[in-house]
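> Provided below are the primary sequence and the corresponding predicted coordinates.
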Protein chains: 2
Amino acid sequence: MGTTAAGDGDAAWAAEHKVNLSARRPFTEAVRTGLAETFFPDDPFRGFGSLPPAARAWGAVKYFVPALEWAPRYNFGKFKYDLLAGVTIASLAIPQGISYAKLANLPPVIGLYSSFVPPLLYAVFGSSNNLAVGTVAAASLLLASIIEMEVPPEDDPQLYLRLFYTAAFFTGIFQTALGVFRLGLIVDFLSRSTITGFMGGTATIIILQQLKGMLGMKHFTPKTDLISVMCSIFRNRHEWKWQSAILGICFLLFLLSSKQLRKKKPDLFWVTAIAPFMVVVIGGIFTFLVKGDEHGIPIVGDLKKGINPLSISQLTFESKHINTVVKAGLLSGILALAEGIAVGRSLALIKNEQIDGNKEMIAFGIMNIAGSFTSCYLTTGPFSKSAVNFHAGCKTPMSNVVMSVCIMLVLLFLAPLFKYTPLVALSAIIIVAMIGLIKVKEFCHLYRVDKFDFFICMVAFVGVVFFTMVIGLSASVGLSVVRALLHIARPKTSKLGSLGGSEIFRDVRHYPHARNIPNVLVLQLGSPIYFVNAGYLRERILRWVEDEENACKLDGHDLQYMVLDLSGVTSIDNTGIGMLEEVHKSLARKGIRIALTNPKLEVTEKLVLFGFIKDVIGEEWVFLTVKDAITACRYALQRSRSKEDGEV
Amino acid sequence: MGTTAAGDGDAAWAAEHKVNLSARRPFTEAVRTGLAETFFPDDPFRGFGSLPPAARAWGAVKYFVPALEWAPRYNFGKFKYDLLAGVTIASLAIPQGISYAKLANLPPVIGLYSSFVPPLLYAVFGSSNNLAVGTVAAASLLLASIIEMEVPPEDDPQLYLRLFYTAAFFTGIFQTALGVFRLGLIVDFLSRSTITGFMGGTATIIILQQLKGMLGMKHFTPKTDLISVMCSIFRNRHEWKWQSAILGICFLLFLLSSKQLRKKKPDLFWVTAIAPFMVVVIGGIFTFLVKGDEHGIPIVGDLKKGINPLSISQLTFESKHINTVVKAGLLSGILALAEGIAVGRSLALIKNEQIDGNKEMIAFGIMNIAGSFTSCYLTTGPFSKSAVNFHAGCKTPMSNVVMSVCIMLVLLFLAPLFKYTPLVALSAIIIVAMIGLIKVKEFCHLYRVDKFDFFICMVAFVGVVFFTMVIGLSASVGLSVVRALLHIARPKTSKLGSLGGSEIFRDVRHYPHARNIPNVLVLQLGSPIYFVNAGYLRERILRWVEDEENACKLDGHDLQYMVLDLSGVTSIDNTGIGMLEEVHKSLARKGIRIALTNPKLEVTEKLVLFGFIKDVIGEEWVFLTVKDAITACRYALQRSRSKEDGEV
């Protein structure tokens, strides 16, 4: 199939070697496909078409309530595993619940409440078998830092608490709405780099916050940035308590060595898992015996017995606070979703299971709405707890039910016993949990492989540590989005040369031995061709042509054809087509002809609709492959030359 | 070169048919290329390398001061054309300057001042030969609508005026900065659809504003939306003056018929061009003769003689107003740039000249900064004036100098004569200018070819007409950006089938007769593979595999290979590579092997750097073409089958 092929005129060959210009989907079909790909990429209801209506309805119910999927097949063999996992995460949930509630300046018992109701709901609506539900440090601190600016907890602790409930309510509404409208892709805009930097920065400032507890201080700044916290600590040096500090260091060493143990002997993961609980128990007994609260070791204080009181009447929608509450709810909601979904996905991947992001959002949403009615604040699927759940061998969301029951028993009978828990023990638990989130190795890896990703990560880290969490997060996400937009604003163009006996055409920068094609410039365009880049592409294409013309002149011949390879272009809009017309006009003035190769379905549709192919380029100048286009160019060239010779 | 080729072992063939994995640009080179493509797509200093330093410096000066380029070659032949064009646009500049200043509630003489200094500066720094500088209606109204909210012009006209100067100053700083930092691409985010809708909406509300002048009313709402304006007009019915209305309708009919004339006889363009000036002159004489101001025809009033007074001391940077002023400056600056650059580009295209967007921005910036020092408000290159300039045959920016001189003469000697100009004449001039900006045909065209573009356009139109100009503009730009981001969030994936004797592989949706390849799934991925779409792509690829597995089962064979065609992927980030690793892991569990074909330079670099090719896929599974990949798959399949047969 050399240069003679174009003249063969073999009908079958020609039919196979032509761009299908008539493939045009009806408008509704194109819109339907577009919407389905955007919002239902997982096509949840496929295979439903052939079922009778009743089975279809039952399938839909099962889709929204995954518990109906696993519950009928549940048995004692699975329960044994879930029981062990549930008890293990309950032992983690108690100290973490109390700690994170303290981190958010809430009454400690709220942390326990938040580990009772939400896990029950997640067990019904959640689709992950590995996720353990609970409060998280980052979102707790974020909520506190936003709400404290509006209502300082010292001034009106009751209102402060009510705003937390209300924020959780809005979080729930927001998460449910995202799930229902299948807008899970918003979470996709938090890149791994952003999350790494943000988590590292948040862990750093949370550790700094713990210096208050470690030093047994009473007064502390509500701000979270490094400088404010350091000033606050050194200004109040007279409040430092050495007793608290010594006890704290002991706890820290114990917790850190239990973590080391797990690294060396992975089978003993349960020792690490219950170590925080042991710290709380041992610390409590110790403080009770030495009456620590009278000797410079602050304690948690009274914990009310009894399960969650209703809080639905406490939600407050006053216009005065509504802005702050909605902002806190949205931001912490996105953060919680990102953590929860990432955890669910990465654990599911190990077991080769599937997680439906939109379904998860609805589950999180329902659990937060119900939580806000029952004295809980924001919950999600935290990294640490879920990993413990996974390693403890959980089989189904039943482990969340077991944890929930354990917490219920604690709330009903044991809560007052936690009165003597020293605050310093909670600080030590938080610090150890947070150290694991500062992933220095990941920072180094990012630096090595992608400087821009590293920069995005550092922006999040520095923003959180030196300014606020919101600034760090939004600056980093903003940069990621700008980077994505830049990609659209500057699509790649490359000149192709021929490889492998003139059969294959590839970028000459990538394959330096690729040969030039005399009289023809082959350009490959990147995707998409949009209004954003139409101006750029026009200038860039004309510059390629100019450069090629100069190169041709040196070789003593003329540039006569430009082949535009559109095989990489997945989308074009009306400004883009206008740009191609302008390029065509400019080149026509120089006597250069344009040939198009391999436009894709969506692009072909648009080009045909605009009349670009028929009225501007001419159907005979659209080819299936670059090779065909060049063959045609050569053929036309030969013909015009022999004509000239004939005339001479 | 059929299926036997893979076994040939011809070294030369192999070398030509391998992906160049070693092509790796040094980091600095990659960054340099990336930055150059992003910020210097036009490569302004190319060809400088070979020059001596003095010539290089002179070249750079000439680059920044285009006047040095054309001035030495200027001659009387060109001047004749520029003189005619300059006088014509001056006759347009006087009524337009006064009208738009009235539209912005400024003293009319400011409009004349703004047509004196800025054109002189543009003539030196501007790179367009066709642009005529002056004030524009849309930006005038936008500035007024923002600044009026802060300081109503009735309350403190002096402060109101000072805020206009200051806004122009910030516009200038902003435009210069954009040009210097080569951020011209910001303007690219205003798509043709957005501009069409925004201009149409703005023209509509400007026409509505003119009802005040047409009806000779005194009180009017500062708001611009349709409903407020209509309420204001009908509430103050007692202020309506029939004399004013009748005169206005006469002027309107005259102007409209002069426009019709130009459509029929393009040679008589100058009649259309001076028609507004004639309306002003005739209207002035008429009002003077009948003492119109005492009979219900309001007039412009006193115009001070003399050229622009300095206003540098009037700029105000008080913290009280700074936010409003900066906002007004930025928004009107972007708008003015978009109009100016679009006009310059489209006129240059007709003459086959080049316009440098970034250089234009610097020119606009300098002219606005200098303007804010000399009692001018925001200026740019308006559509109407520049088109007249172009049709009058201007050759260089000298026509701006001629206009400037004419305006100077008017300011020095004739200004008081314009005292009797009836306001209704100005309203008629504005209405006729604005009618041309409501492009109903363009709306219809958009509706026909792209529903989403039409929607973006309508959002701008409806937003401007029913809410505010800022809301309309930002909603429309926001939607455009979301659309661009969606394109990134959902890259296309398509299954390829073989065409033309198994040589060519194309999308099966586009070419329904393309043949399936047994045991092999060929997927083509869209670009880019980023954190935003990594999750989506993973799910989508796995779904393609699942569907193909089911199809294969029906045919009674297994899916054993997946060929990922990366030829359309121009960029990949670390999350994207992580996604490919996960897909590889999932498929390996099912016993499906992955082959890659034709990764581009940037993608190859990243994949090699991450160790993905060496450690995960294996170098022998990366191919230059899909055909090679499939040949290799078939060969491996045959070998494993014959092995099995041998074992049996």
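Structure received.
> switch to C-alpha atoms for all contacts and neighbour counts from now on
Will do.
> Three-state assignment for residue A:509, please.
Classification of residue A:509 by DSSP: H, G, I helix; E, B strand; the rest coil places it in coil.
> what's the spacing between it and residue A:117?
Note on residue A:509: its distance to residue A:117, by CA to CA, to the nearest Å, is 61 Å.
> Ignoring the adjacent residues along the chain, who's closest to residue A:545?
If the residues on either side of it in the chain are set aside, residue A:545 comes closest to residue A:521, at 7.5 Å by CA to CA, 6 or more residues apart in numbering or on different chains.
> ugh, wrong one, I meant residue A:433
Going by CA to CA, 6+ apart, residue A:433 has residue A:384 as its nearest residue, at 7.6 Å.
> Now the one you found: which helix or strand?
Residue A:384 is part of helix A:383-391, with elements assigned from DSSP states H and E.
> re earlier: name the residue in residue A:509 and residue A:117 with the higher neighbour count.
residue A:117 (28 against 16; other CA atoms under 10 Å in any protein chain shown).
> Three-state assignment for the closest residue to chain B within the stretch 251-400 of chain A, please.
With CA to the nearest CA, the shortest gap between the stretch 251-400 of chain A and chain B falls at residue A:352, namely 7.2 Å. Following three-state DSSP, the label given to residue A:352 is coil.
> Secondary structure class of the closest residue to residue A:262 other than its chain neighbours, three-state.
The shortest distance from residue A:262 to any non-neighbouring residue, by CA to CA, 6+ apart, is to residue A:269 (5.4 Å). The three-state label given to residue A:269 by three-state DSSP is helix.
> Surely residue A:269 touches residue A:275?
No: counting by CA atoms under 8 Å, residue A:269 does not reach residue A:275; the two are 10.0 Å apart.
> Which of the two has more residues huddled nearby?
Taking other CA under 10 Å, residue A:269 and residue A:275 do not tie; residue A:275 has more neighbours (21 against 18).
> quick one: contacts for the more buried one?
A:255, A:258 (CA atoms under 8 Å, 6 or more residues apart in numbering or on different chains).
> pLDDT score assigned to it?
Per-residue confidence at residue A:275 stands at 87 (pLDDT).
> Tell me the residues of the stretch 401-550 of chain A that contact chain B?
Within the stretch 401-550 of chain A, the positions near chain B by CA under 8 Å from any CA of the partner chain are A:449-450, A:484-486, A:488-490, A:492, A:499-500, A:507, A:509-511, A:526-527, A:531-533, A:535-536, A:539-540, A:543.
> Give me the mean pLDDT for the helix holding residue A:384.
For helix A:383-391, mean pLDDT is 83.
> What residues of the helix or strand following it count as buried?
Using DSSP H and E, the next helix or strand after helix A:383-391 towards the C-terminus is helix A:398-409. Within helix A:398-409, the residues scored as buried using 16 or more other CA atoms under 10 Å in any protein chain shown are A:398, A:399, A:400, A:401, A:402, A:403, A:404, A:405, A:406, A:407, A:408.
> Tell me how far the last one lies from residue A:116.
The one in question is residue A:408. Using CA to CA, residue A:408 is found at 6 Å from residue A:116.
> SS state for the closest residue in space to residue A:443 that isn't next to it in sequence?
Leaving aside its sequence neighbours, residue A:443 sits nearest to residue A:454 (CA to CA, 6+ apart; 6.9 Å). Under the three-state scheme (three-state DSSP), residue A:454 adopts helix.
> so what's residue A:454 up against?
Contact analysis of residue A:454 by CA under 8 Å, 6+ apart lists A:193, A:443, A:446, A:447.
> Distance check, it against chain B.
Computed with CA to the nearest CA, to the nearest Å, the distance linking residue A:454 and chain B is 10 Å.
> how close does that residue get to residue B:128?
Separation of residue A:454 from residue B:128 (CA to CA): 42 Å.
> Could you report the neighbour count for the residue of chain A found nearest chain B?
Of all residues in chain A, residue A:568 sits closest to chain B, with a separation of 4.2 Å (CA to the nearest CA). Number of residues near residue A:568 (other CA under 10 Å) recorded here: 24.
> pretty sure it contacts residue B:571?
No: Residue A:568 is beyond contact range of residue B:571, at 12.0 Å (criterion: CA under 8 Å).
> Give me the common contacts of these two.
When CA under 8 Å, 6+ apart defines a contact, no residue borders residue A:568 and residue B:571 alike.
> ok, and the closest non-adjacent residue to residue A:172?
Spatial nearest neighbour of residue A:172, excluding adjacent residues (CA to CA, 6+ apart): residue A:365 at 3.9 Å.
> ok, that neighbour - contacts?
Counting by CA under 8 Å, 6+ apart, residue A:365 touches A:171, A:172, A:173, A:174, A:175, A:176.
> now the buried residues of helix A:398-409 in TSV, with pLDDT?
Output for the buried residues of helix A:398-409, formatted as TSV (pLDDT from 0 to 100):
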residue	pLDDT
A:398	93
A:399	94
A:400	94
A:401	95
A:402	95
A:403	95
A:404	95
A:405	95
A:406	94
A:407	93
A:408	94
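> Pull out the buried positions in stretch A:25-39.
Buried residues in stretch A:25-39, defined by neighbour count with 16+ other CA under 10 Å: A:37, A:38, A:39.
> Give me the spatial nearest neighbour of the last one, chain neighbours excluded.
The shortest distance from residue A:39 to any non-neighbouring residue, by CA to CA, 6+ apart, is to residue A:182 (5.4 Å).
> any idea how far residue A:249 is from that neighbour?
Using CA to CA, residue A:182 is found at 48 Å from residue A:249.
> Looking at those two, which is more packed in?
Neighbour count, other CA under 10 Å: between residue A:182 and residue A:249, residue A:182 has more, with 19 against 15.
> May I have the phi/psi pair for that one?
Torsion angles at residue A:182 (phi, psi; degrees, to the nearest 10) stand at phi 50, psi 40.
> ok now do it, which residues does it touch?
By CA under 8 Å, 6+ apart, the contact set of residue A:182 is A:39, A:40, A:358.
> how about JSON lines for those residues, with pLDDT and secondary structure added?
Output for the contacts of residue A:182, formatted as JSON lines (pLDDT from 0 to 100; DSSP: H, G, I helix; E, B strand; the rest coil):
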{"residue": "A:39", "pLDDT": "73", "secondary structure": "helix"}
{"residue": "A:40", "pLDDT": "73", "secondary structure": "coil"}
{"residue": "A:358", "pLDDT": "83", "secondary structure": "helix"}
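> Let me see the domain layout of chain A.
A:69-438, A:492-647 (automatic domain parsing).
> tell me the mean pLDDT for the last one?
Averaged over domain A:492-647, pLDDT sits at 87.
> dump the residue contacts of the closest residue to residue A:435 other than its chain neighbours.
If the residues on either side of it in the chain are set aside, residue A:435 comes closest to residue A:203, at 6.8 Å by CA to CA, 6+ apart. Remark: with contacts taken as CA under 8 Å, 6+ apart, residue A:203 is in contact with A:138, A:434, A:435, A:437, A:438.
> How about residue A:210?
Residues near residue A:210 by CA under 8 Å, 6+ apart: A:427, A:428, A:430, A:431.
> and it, helix, strand or coil?
Per three-state DSSP, residue A:210 ends up helix.
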